[in-house]
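# Below are the sequence and a predicted model; questions follow.
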Amino acid sequence: MRIIWCGKVWKGEASGVYSVRSAYKKLLQLSGDPNQLQNQTKYMYYMPSKLKITVWKCCRNFIPTLCNQQYRRLTNVVVCPKCAVRVETCEHVFRECLVTRDTWRQLNCARPESVEEASFIDWITWFFENNYTSQSRIFACAIWVLWTERNKWIHERQKKSGLEIANFVRSYIIELDGLEKVLPANLLGNESWKPPKSPFARINFDIAYNKKDNRSCSGLMVSDSNVMVLVARTVLNDNVPSVLQRRLLPVFRDSNWEWIWELWLWR
C-alpha cells in the first residue's frame, strides 16, 4: 500500500518552505516598478520605532481615543476635545478634525477625491502604496505628531495650529536626515540577536519569591545551539523572611556549577 502525502507547499522556494526572502523577491517580481518596494522599504527602514508603532496602532485601532475608552467603560465623554464637533474616533483624529485637515494641507498630503470616502485603513494603505519617496516618512511622522499633540492638548492644555504641527514635522524629518549622515548604517537598523557559532551554551536563570509563605525558588536551564536542554534544575528555599534576604542566599552551590561544567565537557 502506497501512501501519498497531500499538503500545501510554498512555490517561491524549491524546498517548498516559506521564507521572508522568497516572499520579498516575489513582491518585487509582481511590482510594476522594481524600485518602488525597495525605495518604500528604505524610507520606512530609517524611521524611529515610535513612528512605526504609532502607525501600526492606528491601523489596528489600538489608539486609546475617547470612543475606544468609552467602549471599555473608562469614560462617558466621547466628543473631540479639540474641535468639539464629532465623536473622537481614530478616523476623526487623523482625518476629519479641523486641525488635522489644516496639518495635511500644510504638508501637501491632501487626499484626492478617489479616496475621500475610503476607510481609514484603506487611506493609509493607498498613501504608502502611491508615495514611496520621502513623503511616506512625512506621513508617518505626521500621524505620530498629531497623536502626541492631541495628548498635550488634553493633559497639558498646549494648543498648536496646523501650521505649527506641520513645521514641527518638517524639522523632525530634517533631524532624522542629519542622523542618517552621522550615524553608521548598522546603528540605524533594528539588529536582531544571532546565536554564536557552535559549540556554545545558553544559560537562563530566574528567581521567584512567595511573600505569604516566605519561600523562594531559583531555576536554571542550560541549552545548546540546537535549543536542546542540557541541564534544568530548581532549588527551593524555606523560611526566607524578605526578598533582600533571598538575594543574599547562594543560589547554587559550587558543586552544582561543577556538575554543569562536567556535563558540558562530557557532551
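That came through fine. Residues are numbered from 1 along each chain as shown.

# what residues are up against Trp153?
Residues in contact with Trp153 (Cβ atoms under 8 Å, 6 or more residues apart in numbering) are 81-82, 159. Heads up, the C-betas are built off the backbone N, CA and C, glycines and all.

# In which helix or strand does it reside?
Assessed by DSSP states H and E, Trp153 sits inside helix 135-155.

# counting contacts, what elements does whichever helix or strand comes after that helix pack onto?
Next in sequence after helix 135-155, counting helices and strands by DSSP H and E, comes helix 162-182. Packing partners of helix 162-182 (3 or more Cβ pairs under 8 Å, 6 or more residues apart in numbering; DSSP states H and E): helix 98-106, helix 135-155.

# in the last one, what counts as buried?
Neighbour-count burial for helix 135-155, counted by 16 or more other Cβ atoms under 10 Å, picks out 135-147, 149-150, 153.

# Same check on the shortest one?
For helix 98-106, burial by neighbour count (16+ other Cβ under 10 Å) applies to 99-100, 102-104, 106.

# For it, output the C-alpha coordinates as PDB.
C-alpha atoms of helix 98-106 as PDB (Å, rounded to 0.1, in the frame of the first residue of the first chain):
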ATOM      1  CA  LEU A  98     -10.100  70.800  11.700                       C
ATOM      2  CA  VAL A  99      -6.500  71.000  13.000                       C
ATOM      3  CA  THR A 100      -5.700  67.700  11.300                       C
ATOM      4  CA  ARG A 101      -7.100  68.800   7.900                       C
ATOM      5  CA  ASP A 102      -5.000  72.000   8.200                       C
ATOM      6  CA  THR A 103      -1.900  70.000   9.000                       C
ATOM      7  CA  TRP A 104      -2.300  67.700   6.000                       C
ATOM      8  CA  ARG A 105      -2.900  70.700   3.800                       C
ATOM      9  CA  GLN A 106       0.300  72.400   5.000                       C
END
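
# average pLDDT for that helix?
In this model, helix 98-106 has a mean pLDDT of 92.

# helices and strands of this protein: which one bottoms out on pLDDT?
Taking mean pLDDT, DSSP states H and E as the measure, helix 34-45 is the helix or strand of the chain with the lowest mean score, a mean of 49.

# State the next helix or strand along the chain beyond it.
helix 49-60.

# angle of that following helix against helix 162-182?
Per axes from the mean of the first three to the mean of the last three Cα atoms, to 10 degrees, the angle that helix 49-60 makes with helix 162-182 is 130 degrees.

# So which elements touch helix 49-60?
Helix 49-60 makes packing contacts with helix 120-130, helix 135-155 when contacts are defined by 3+ Cβ pairs under 8 Å, 6+ apart.

# and Asn210, how many residues sit next to it?
A count of neighbours around Asn210, defined by other Cβ atoms under 10 Å, yields 10.

# Can we start the residue count at 497 from this point?
Sure, I'll start counting at 497 from here, so that last one is Asn706.

# Return the residues in contact with it.
712-713.

# Next, give phi and psi for it.
phi -110, psi 100 (degrees, to the nearest 10).

# Quick check: bridge partners of it?
When assigned by DSSP bridges, Asn706 has beta-bridge partners Arg711.

# before we move on, back to that, okay, the helix holding Trp649 in CSV with CA atoms only?
Taking Å, rounded to 0.1, in the frame of the first residue of the first chain, the C-alpha atoms of helix 631-651 are listed here in CSV:
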residue,chain,number,x,y,z
GLN,A,631,6.6,61.7,1.6
SER,A,632,5.9,58.4,3.3
ARG,A,633,8.2,59.4,6.2
ILE,A,634,6.4,62.8,6.5
PHE,A,635,3.1,61.0,6.5
ALA,A,636,4.1,58.6,9.3
CYS,A,637,5.8,61.3,11.3
ALA,A,638,2.7,63.5,11.0
ILE,A,639,0.5,60.7,12.4
TRP,A,640,2.8,60.4,15.4
VAL,A,641,2.9,64.2,16.0
LEU,A,642,-0.9,64.5,15.6
TRP,A,643,-1.4,61.9,18.3
THR,A,644,1.2,63.5,20.6
GLU,A,645,-0.2,66.9,20.2
ARG,A,646,-3.7,65.6,20.9
ASN,A,647,-2.4,64.2,24.3
LYS,A,648,-0.7,67.5,25.1
TRP,A,649,-4.0,69.3,24.3
ILE,A,650,-5.8,67.2,26.8
HIS,A,651,-3.3,66.7,29.6
